[in-house]
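Visitor: only geometry, no sequence info:
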């Protein structure tokens, strides 16, 4: 078959983008042709992929999305495919990979009624309805159990169209046999002494991921603990607002912000704790990447994958409603207890050996190729 994959933007370090690539490659390995429609493609194009970068521009994102959709649908009319698989909500999809939370629920609960008068709201509401309405035919690949009831609540989507996927952690995130050597080399490269503590926060979208909360928690550490703790932040985003916060909090010597990169496993093995106090997060793949690397995790409970941290007993989950003082206290306790961090690391590695955290691309490909 020929399969069309549609997403607004591809870059190598986004969670949605990495999921798309692994699913598309799985389908290709099963013998199917891959065509990709996107507005932006950064990075290498896999062998055999036909990538179409659609030339559309508009002042507002929602207008650009509409032009993109029209262009894609016109091209598909000229050159039909067997399946259309979307990684953003839009009309005309046979299969949708639900990486994003329910827009309508957020619009109803977090926005004022005035917001729902704007064209932006109408666009995203219409595009979501095109996927989830009862009369739609789109099969839905769910990666978060938390979100499915919200879509059903707002759209009465039939349960038969939902397909809950297991996580899909890449094998290279698992701790290798020489993990201790990788850790020592990494810490030497970054000038970390034996008694230094390294926090990492990994993920694009610093505001959503709660970087401001992490910085406040670092600044609130007891003086001796704070002095030996560093934070490295990795992700694709504008760091300027957070660089100002870092300076204001007196953390300039302790915090580095790096752009997205491909050697994340080294950071997971070299660090002492992953901090991820997100404001909202559909899943949080990096939580499981830390788990399988043996890195303890401190995470807010709004993340879809936070329950794995609790089940594996490989860190702590900050409950809602979020309180900064609670995060501050838990960070200090976790950094101050070397023995407990070792126990959490051991628990994570044991859980990684027994739980299915890896087969998402295979399950997704099964649904895509089966059709209705």
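Guide: It's in. Being a predicted model, the structure only gives us computed values, none of them experimental.

Visitor: buried ones in stretch 245-254?
Guide: Of all the residues in stretch 245-254, those buried under the rule 16 or more other C-beta atoms under 10 Å are 245-246, 251, 254. Using the backbone N, CA and C atoms, a C-beta is placed for each residue, glycine as well.

Visitor: what pLDDT, on average, does it get?
Guide: In this model, stretch 245-254 has an average pLDDT of 97.

Visitor: please apply the same query to stretch 76-90.
Guide: Per-residue pLDDT values over stretch 76-90 give a mean of 98.

Visitor: got the contact list for that stretch?
Guide: By C-beta atoms under 8 Å, 6 or more residues apart in numbering, the residues outside stretch 76-90 that reach it are 1-8, 16, 19-20, 23, 35, 65, 69, 92-97, 99-100, 103, 124, 127-128, 130-131, 368-369, 371.

Visitor: which of the residues you listed are buried?
Guide: Neighbour-count burial (16+ other C-beta under 10 Å) applied to those gives 3-8, 16, 19-20, 23, 35, 65, 69, 93-97, 99-100, 103, 124, 127-128, 130-131, 368-369.

Visitor: any chance of CSV for the buried residues of stretch 245-254, columns secondary structure and distance to residue 311?
Guide: Converted to CSV, the buried residues of stretch 245-254 look like this (DSSP: H, G, I helix; E, B strand; the rest coil; distance: C-beta to C-beta, whole Å):
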residue, secondary structure, distance to residue 311
245, helix, 33
246, helix, 34
251, coil, 33
254, coil, 32
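
Visitor: quick one, strands of the stretch 101-250 of the chain?
Guide: Along the stretch 101-250 of the chain, the segments classed as strands by DSSP state E, counting those that start in this stretch run 139-142, 162-164, 197-202, 229-234.

Visitor: for those, which one ends up most surrounded?
Guide: strand 197-202 (a mean of 24; mean count of other C-beta atoms under 10 Å).

Visitor: run the angle between it and strand 229-234 for me.
Guide: Angle of strand 197-202 versus strand 229-234, following axes from the mean of the first three to the mean of the last three C-alpha atoms, to 10 degrees, is 20 degrees.

Visitor: ok, residues contacting strand 197-202?
Guide: Residues contacting strand 197-202 (C-beta under 8 Å, 6+ apart): 187, 190, 192, 209, 211, 214, 218, 225, 228-235, 264, 267-268, 270-276, 286, 295, 335.

Visitor: quick check on these: which are buried?
Guide: Neighbour counting with 16+ other C-beta under 10 Å marks 187, 190, 192, 209, 211, 214, 218, 229-235, 264, 267-268, 270-276, 286, 295, 335 as buried within these.

Visitor: among those, name the ones in helices.
Guide: Among the buried ones among the contacts of strand 197-202, DSSP state H puts 187, 211, 214, 218, 264, 267-268, 270, 286, 335 in helices.

Visitor: how about the residues you listed, which pair is most distant?
Guide: 187 and 211 (22.8 Å; C-beta to C-beta).

Visitor: before we move on, back to that, which one of the ones in helices among the buried ones among the contacts of strand 197-202 is nearest to residue 141?
Guide: Of those, the one sitting nearest to residue 141 (C-beta to C-beta) turns out to be residue 286, at 19.9 Å.

Visitor: tell me where the stretch 251-372 of the chain has helices.
Guide: Taking DSSP state H, counting those that start in this stretch as the criterion, the stretch 251-372 of the chain carries its helices at 264-270, 285-293, 306-312, 324-335, 338-354, 360-370.

Visitor: what does the third one contact?
Guide: Spelled out, that is helix 306-312. With C-beta under 8 Å, 6+ apart as the test, helix 306-312 has contacts from 167, 284, 287-288, 291, 297, 299-300, 315-317, 347-348, 350-351, 355, 357.

Visitor: and if you look at the first one?
Guide: Outside helix 264-270, the residues within contact range by C-beta under 8 Å, 6+ apart are 172-173, 175, 179, 182-183, 186-187, 190, 192, 198, 200, 202, 232, 234, 274, 286, 289-290, 293-295.

Visitor: give me that answer again for 7 Å
Guide: Surrounding helix 264-270, the residues in contact under the criterion C-beta atoms under 7 Å, 6 or more residues apart in numbering are 172-173, 175, 179, 182-183, 186-187, 198, 200, 202, 232, 234, 289-290, 293, 295.
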